[in-house]
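Participant: Sequence isn't available, so here's the structure alone:
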């Protein structure tokens, strides 16, 4: 089992920044690819960003490319999502997820563990 706890969400004006953190416990963090997803009211959960188990391969959704940065610190069992130039359409609950094995994925069903989510609200 892997437990994931997100933090860092909040209310921010359009154009502002937030940094989300996700701390993992329970298994060897460096063995897991990590992803960030988000879900807006009435919409399906969607992929935001993912990073391989080892530092390296990263992938972003087109909607956040150039504005969001995913990173991980395996020594701290933590994955981050730096969000800049936020837009009202970024408003959602943001979830981090862990996937057994080294390879990142954009598919919700391919992740094994999920955090409880953290609310991000961007006002116009």
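Facilitator: That came through, no problem. Because the structure is a prediction, the values reported are computed rather than measured.
Participant: Quick check: beta-bridge partners of residue 93?
Facilitator: Judged by DSSP bridges, the bridge partners of residue 93 are residue 39, residue 119.
Participant: and it, what is it in contact with?
Facilitator: If a contact means Cβ atoms under 8 Å, 6 or more residues apart in numbering, then residue 93 has 38, 39, 40, 117, 118, 119, 120 as its contacts. Backbone N, C-alpha and C define where each C-beta goes, glycine included.
Participant: can we see that at 10 Å?
Facilitator: Residue 93 makes contact with 6, 9, 37-41, 45, 116-121, according to Cβ atoms under 10 Å, 6 or more residues apart in numbering.
Participant: same question, residue 46
Facilitator: Contacts of residue 46 (Cβ under 10 Å, 6+ apart): 37, 38, 39, 40, 61, 63, 92, 106, 108.
Participant: ok, back up a step: buried ones among the contacts of residue 93?
Facilitator: Neighbour-count burial (16 or more other Cβ atoms under 10 Å) applied to the contacts of residue 93 gives 6, 9, 37, 38, 45, 117, 118, 120.
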